[in-house]
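Engineer: I'd like to go over a predicted model; first the sequence, then the structure.
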Amino acid sequence: MASDGNLAPGDAVRRFELRKESELRVEVGVDGPLRMQLVAGTAEIFGTELPPQYWLTFSPSQKFAVFTWGGALLELDGVSEVAYVADETPMVSYVNVHAVLENRRRRAREAAISLHNAPGEIPNPLTQGPRVMVVGPTDSGKSSLTKMLLGWAARQQWKPMYVDLDIGQGSITLSGAIAATPVETPVDPVEGIILDVPLVYFYGHTTPSVNTELYKILVKELAHQLDLQFASNIATRSSGMVINTMGWVDGVGYELLLHSIEALNANVILVLGQEKVYSMLHDYLRLKPGVDVVKLQKSGGVVARNQKYRQQSRFTRTKNYFYGRWNELSPHASVVNFQDIQVVRIGGGPQAPRSALPIGAEPTADPTRVVPVSINRDLVHAVLGVSYSKDPDQVLACNVAGFVYVTEVDLNRKKLTYVAPCPGPLPSNILIAGSLLWVE
Ligand SMILES: Nc1ncnc2c1ncn2[C@@H]1O[C@H](COP(=O)(O)OP(=O)(O)OP(=O)(O)O)[C@@H](O)[C@H]1O
């Protein structure tokens, strides 16, 4: 946890008294940081309880709400762009959803104990905890609600799986990736979910329209791997999953949403802040037994973020991945010979030779084809996914071990220099390129 608990508050300290079921909404200034402590009472940030009398440090531009069920006294030290108390919040409806999920988890665990699956046997559906998907347009509070549901579940000793399908933000690793990680310890109020060996698939771009087929394939692969993990782990299986989705809910975005619901077998769909998508999903899923579509109010505190802010937060995520939030990591530069690595991209290249097509038909790009990329200076600054696959033909079905970025390509010596977050050889020599760049 980022904190400097020993520091005494300075002159700029402001006190906020919160009545029960109210929240303090804060936007840290661009020049931050800002410190905050809970002086009395109890309070939480997106589902995670605050430690009492302990200064927490928030990064510049961070936006958050401190909610209290029973009343609290808070102190802020530093400059904030916004800090106000709100009495009207949708938190009661959110916690009611949590209570329903809690019951379903209990029922699933009881079923798992009484039915006792033999190893290798297909698990009984009654032993599956809720698979919750949080849906809504951009800036409707999806990530915040996802964090709350995970945080409340983790506080009750469940081990829910956090699945992030939002390639625009990529909160588990980097943007351009979809990923899942079990939430085994309570969520940190400042840093969020502590990652525990995430399962990551690299899409390579921040918008799904670049290659929708690839997006679908990766979601399916992720779902398949999670099913395998759930089959062998009662605790995770009965805890279920909470899935955060993209804010693109129209047209192709809506189609991708339906595909993700299907692939991940989501059975509780929480729709935030848009009547239209709720009604479309409700009508579509009405005939699907066992799927509940629930409309929830968007919080008035959710802050709309512009394109520049989103770009900046993608930049910060990438920087944190390689250097750590507090620059605590020591990224490692390595040099490899061109011949010792294979750089590939997914999608592109003709689907079939022109000669094999009907007369007049144009060859189209095959979105799932793995195409070799020639190593040249165009790769400088590229962020590459390190595939676990040993065979380029298997890249699509394989998750990635992590990411590196290219700092130098020496065409004369035929050597490429990359930076990885930790030292040591790469787990495979197949690197996936997309359109993500990292320029310091
Ligand atoms: N009640 C609140 N008070 C203050 N800030 C909040 C509140 N709820 C959410 N926020 C902030 O508003 C911003 C947007 O919320 P969030 O990320 O949950 O939305 P989203 O729908 O997931 O966005 P995206 O469009 O990226 O998918 C975040 O910075 C979040 O921390």
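Structural biologist: Received, thanks.
Engineer: what bits of the protein have low per-residue confidence?
Structural biologist: Residue ranges of the chain with pLDDT under 70: 1-11, 117-120, 194, 348-364.
Engineer: Show me which residues of the stretch 301-440 of the chain are close to the ligand?
Structural biologist: 301, 302, 303 (Cβ under 6 Å from any ligand atom). All C-beta spots, glycine's among them, are computed from the backbone N, C-alpha and C.
Engineer: The first one: what secondary structure?
Structural biologist: For residue 301, the assignment made with DSSP: H, G, I helix; E, B strand; the rest coil gives coil.
Engineer: hang on, the earlier thing: drop anything exposed from the residues of the stretch 301-440 of the chain next to the ligand.
Structural biologist: Neighbour-count burial (16 or more other Cβ atoms under 10 Å) applied to these gives 301, 302.
Engineer: Distance to residue 45 added to the residues of the stretch 301-440 of the chain next to the ligand, as TSV?
Structural biologist: Formatted as TSV, those follow (distance: Cβ to Cβ, whole Å):
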residue	distance to residue 45
301	12
302	14
303	14
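Engineer: ok, the residues of the stretch 301-440 of the chain next to the ligand vs the ligand, which is closest?
Structural biologist: residue 301 (2.6 Å; Cβ to the nearest ligand atom).
Engineer: my read: that closest one touches residue 86, true?
Structural biologist: Yes. Counting by Cβ atoms under 8 Å, residue 86 is a contact partner of residue 301 at 6.1 Å.
Engineer: what's the overlap in contacts for these two?
Structural biologist: 23, 25, 65 (Cβ atoms under 8 Å, 6 or more residues apart in numbering).
Engineer: Wondering if the top helix by length along the chain reaches the ligand at all.
Structural biologist: For the chain, the helix with the greatest residue count under DSSP state H is helix 91-115. No. Judged by Cβ under 6 Å from any ligand atom, helix 91-115 and the ligand are separated, with a smallest distance of 8.6 Å.
Engineer: Just the angle for the next helix or strand after that helix relative to helix 91-115, thanks.
Structural biologist: Once the chain leaves helix 91-115, the next helix or strand it forms, by DSSP states H and E, is strand 131-135. If you take axes from the mean of the first three to the mean of the last three Cα atoms, to 10 degrees, strand 131-135 sits at 160 degrees to helix 91-115.
Engineer: elements contacting strand 131-135?
Structural biologist: When contacts are defined as 3 or more Cβ pairs under 8 Å, 6 or more residues apart in numbering; DSSP states H and E, strand 131-135 packs onto helix 142-155, strand 241-244, helix 251-263, strand 268-272.
Engineer: what's in contact with the shortest one?
Structural biologist: Spelled out, it's strand 241-244. Applying Cβ under 8 Å, 6+ apart, the contact partners of strand 241-244 are 129, 131-134, 142-143, 146, 149-150, 153, 160-166, 171, 180, 226, 260, 264, 266.
Engineer: Which one (most neighbours) among the shared contacts of residue 301 and residue 86?
Structural biologist: residue 23 (25 neighbours; other Cβ atoms under 10 Å).
Engineer: Which helix or which strand is home to it?
Structural biologist: Using DSSP H and E, residue 23 falls in strand 22-28.
Engineer: for that strand, packing partners?
Structural biologist: Strand 22-28 sits against strand 34-41, strand 63-68, strand 80-86, with contacts defined as 3+ Cβ pairs under 8 Å, 6+ apart.
Engineer: Residue 400: what's it in contact with?
Structural biologist: Residues near residue 400 by Cβ under 8 Å, 6+ apart: 177, 200, 201, 202, 385, 386, 387, 388, 432.
Engineer: Which single one of the residues you listed is nearest to the ligand?
Structural biologist: residue 177 (14.9 Å).
Engineer: Give the bridge partners for that closest one, please.
Structural biologist: Per DSSP bridges, the residues bridged to residue 177 are residue 202.
Engineer: I figured it hits residue 201, correct?
Structural biologist: Yes. If you go by Cβ under 8 Å, residue 177 and residue 201 touch, sitting 6.5 Å apart.
Engineer: From residue 227, how far out is residue 123?
Structural biologist: Plainly put, residue 123 is 9 Å away from residue 227 if you go by Cβ to Cβ, to the nearest Å.
Engineer: neighbours of residue 99, just the number please.
Structural biologist: Neighbour tally, residue 99, other Cβ under 10 Å: 9.
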